[in-house]
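Visitor: generate a structure from the sequence data that follows.
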Amino acid sequence: MSRYAAGQLSPSRRQADLRRLRAERFDVLVIGGGVTGAGAAVDAASRGLKVALVEARDLAAGTSSRSSKLIHGGLRYLEQLEFHLVHEALTERGLLATRLAPHLVRPVPILVPLPAAGGVTGLPQRAWRRSYYGAGVAAYDAFAGAFGGGRGMPLHRHLTREGARRLFPSLRADAVAGAIRYYDGQVDDARLVVTLARTAASLGATVVTSARAVGLLRQAREVTGVRVRDMEAHPASPDAEFEVSARTVIGATGVWSDDMSRMLGDVGLRPGLRVRASKGVHLVVPRSAITGEAGLILRTATSVLFVLPWGGHWIIGTTDTDWRLDRAHPAASARDIEYLLDQVNPVLDRPLSTSDIEGVYAGLRPLLSGEADSTSKLSREHAVFEPMLGLLLVAGGKYTTYRVMAADVVDKAARRLPGTRASRTADLPLLGADGYPAMWRDRADLARRHGLPVGVVEHLLERYGVLTVEVLALVEADPLLATPLAGAPEYLAAEVAYAARAEGALHLDDVLTRRTRISIETKHRGTETAEQAAEIMGAVLGWDAAARSREVEHYLARVEAERQSQRMPDDATADAARLGVPDVRGFAADRDVETDPARLNSSS
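Guide: Next up is the predicted model:
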């Protein structure tokens, strides 16, 4: 079997992997299908270990699909003197952009506007600011160039006011004295996680979504596995819950890390790991709302704000506020939206309003808890903790440094597994990366052979890499799948079919929210696409008319609940509005975990 075929997360593969979970003993069992959990599965499987990954909802269903879509060193961490964190992140940026996932991570230019200063003191003040910011960006480039493992990004450049406005005409002329252009990496965060999970599967890992860890198995003071509930099975089925045996369990559950620690309270252990959730809200507006060929990074009172080009759209974010409510579906409030507009509008020649907004999404950063009152001051470091023999927890960190986190936790697991080799993921291209530069170079020929516009093939290559040939094979077999999706013409019907056939998508929400980004990239937020997508998915997954109707009804209700939450004045009312729609997988509210430690939420 080829590596590509072995990495397909098909419906039949899920059933086979469920049988493996019930019957086999694994060296490493990973709980959590976010970027860290999927990365840990790749790392462990690439070392030759027998690996399983379970995820309560969908791959990247939590934090890992709701980021700023950046692979970056964190320019602001230089100012905080966290040089080691910047060094580490820029090294990972270089690896991803040049070797591991060049089909998913590409350079994005970003401007650092230099504020205008008038009056007698204006000139020296402007000179000081240019020197200060310039030194920071130069240091950023120096870290990447000297230590970055392959830059993958162009060098920075100073721009005059006129030069800055040529690149970003929407910048108010009186608001800036010039700018510095630098580059970071941009990524579709959810697609990277799916690619990691498929890469792990291609290396022999068992990968099962909609499989919720509900308890730890123990012998004396050692964890020996996990009790799992299949969320796609009927609750009354005797096969709905089962035990999975493992020599080591890794919890990579992000903002749910405390739940795993809490489950150990009955044996008198101190959890030792505290994670605090910080809510980050982003707005998506059409590309026509702002005229510019680069992004912006703006300083705010508490953090920084990005304005980033995203295909035919702009992403504006993020907020950074404490969140103690529902973790599975963090809600953006009207106050969050107003804050973001208030931060970006002073530098734009045409202020944005709520009528410009196409999409809104909110995610939770898992920050290691400390003494700081503000979440923006909490560390982005990660930690690996072993509260009990056989159980390792990894939390904190940044999306960009997922591979380092994964290697760290698997290194510790390997101590229990004699003969395990060292991590090799720094040299392991993810699925779709091998041969990508050549296929991109020859994209016009590929388009001609398949009778498609070059732009369509470019869109596919930037999402699937060389796996584009698998998507095109579906079109060859059924030309109707070359049809653009209703309400989202930049996506092909074949992409929905491929998500269900090969990428582990089990529900309509999985496709419209994560395999594609239709839920945030369209004004209707996917409601005009839902019927057609459900029909295509249903043909792959065997849905009858009633099942298709349920999927569509749930999706429409979810969109309406999110719209209502975004009209609410604060977090509490926004959270209540969003919780009006139950999870498609039948969960009770995740806040129930607070009063029922026997249940473990493993989504990440």
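Visitor: mind checking the SS state of residue 431?
Guide: Classification of residue 431 by DSSP: H, G, I helix; E, B strand; the rest coil places it in coil.
Visitor: what about the chain, any weak spots by pLDDT?
Guide: Residue ranges of the chain with pLDDT under 70: 117-122, 146-151, 264-273, 370-380, 587-604.
Visitor: change it to 50
Guide: 119-120, 148-149, 371-379, 588-604 (pLDDT under 50).
Visitor: top helix in it by residue count?
Guide: helix 122-147 (DSSP state H).
Visitor: which helices and strands sit right next to that one?
Guide: Under the contact criterion of 3 or more CB pairs under 8 Å, 6 or more residues apart in numbering; DSSP states H and E, helix 122-147 touches helix 75-79, helix 83-95, strand 106-115, strand 176-186. For the C-beta atoms, the positions are set from N, CA and C on the backbone; glycine is no exception.
Visitor: got JSON lines for these, with mean neighbour count and distance to residue 227 too?
Guide: Formatted as JSON lines, the helices and strands packed on helix 122-147 follow (neighbours: other CB atoms under 10 Å; distance: least, CB to CB, whole Å):
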{"stretch": "helix 75-79", "mean neighbour count": "17", "distance to residue 227": "40"}
{"stretch": "helix 83-95", "mean neighbour count": "22", "distance to residue 227": "34"}
{"stretch": "strand 106-115", "mean neighbour count": "21", "distance to residue 227": "42"}
{"stretch": "strand 176-186", "mean neighbour count": "24", "distance to residue 227": "39"}
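Visitor: redo the ones you listed as JSON lines? Include distance to residue 246.
Guide: Listed next are those as JSON lines, based on distance: least, CB to CB, whole Å:
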{"stretch": "helix 75-79", "distance to residue 246": "36"}
{"stretch": "helix 83-95", "distance to residue 246": "28"}
{"stretch": "strand 106-115", "distance to residue 246": "37"}
{"stretch": "strand 176-186", "distance to residue 246": "34"}
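Visitor: of the ones you listed, which is nearest residue 458?
Guide: Closest of those to residue 458 is strand 106-115, at 11.6 Å (criterion: CB to CB).
Visitor: just the angle for that closest one relative to strand 176-186, thanks.
Guide: Per axes from the mean of the first three to the mean of the last three CA atoms, to 10 degrees, the angle that strand 106-115 makes with strand 176-186 is 160 degrees.
Visitor: nearest to residue 24, of the helices and strands packed on helix 122-147?
Guide: Across the helices and strands packed on helix 122-147, closest to residue 24 is helix 83-95 (CB to CB), at 32.2 Å.
Visitor: the closest one to strand 106-115, inter-axis angle?
Guide: Using the same axes, to 10 degrees: helix 83-95 against strand 106-115 is 140 degrees.
Visitor: which helices and strands does helix 83-95 pack with?
Guide: helix 75-79, helix 122-147, helix 402-414.
Visitor: now for the first one, which elements pack on it?
Guide: Using 3+ CB pairs under 8 Å, 6+ apart as the contact criterion, the elements in contact with helix 75-79 are helix 83-95, helix 122-147.
Visitor: give me the distance from the longest one to the chain's centre.
Guide: Spelled out, that is helix 122-147. 30 Å (CA atoms, centre = their mean, to the nearest Å).
Visitor: can you check stretch 424-437 too?
Guide: 19 Å.
Visitor: roughly how far does the residue nearest to residue 28 when sequence neighbours are not counted sit from residue 247?
Guide: Counting by CB to CB, 6 or more residues apart in numbering, residue 28 lies nearest to residue 44, which is 4.4 Å off, once chain neighbours are set aside. As judged by CB to CB, to the nearest Å, residue 44 and residue 247 stand 11 Å apart.
Visitor: looking at those two, which is more packed in?
Guide: Remark: of residue 44 and residue 247, residue 44 carries more neighbours, 34 against 19, as counted by other CB atoms under 10 Å.
Visitor: so that one touches residue 30, yeah?
Guide: Yes. Between residue 44 and residue 30 there is a contact under CB atoms under 8 Å: 7.4 Å.
Visitor: what helix or strand does the residue nearest to residue 28 sit in?
Guide: helix 35-46 (DSSP states H and E).
Visitor: could you check the angle that helix makes with helix 402-414?
Guide: Using the same axes, to 10 degrees, helix 35-46 lies at 50 degrees relative to helix 402-414.
Visitor: out of the helices and strands packed on helix 75-79, nearest to residue 238?
Guide: That would be helix 83-95 among the helices and strands packed on helix 75-79, by CB to CB, at 45.0 Å.
Visitor: I'd like the distance from the closest one to the chain centre, please.
Guide: 18 Å.
Visitor: now that helix against helix 122-147, angle please.
Guide: Using the same axes, to 10 degrees: helix 83-95 against helix 122-147 is 60 degrees.
Visitor: so what sits against both of residue 44 and residue 30?
Guide: Common neighbours of residue 44 and residue 30, counting by CB atoms under 8 Å, 6 or more residues apart in numbering, are residue 51.
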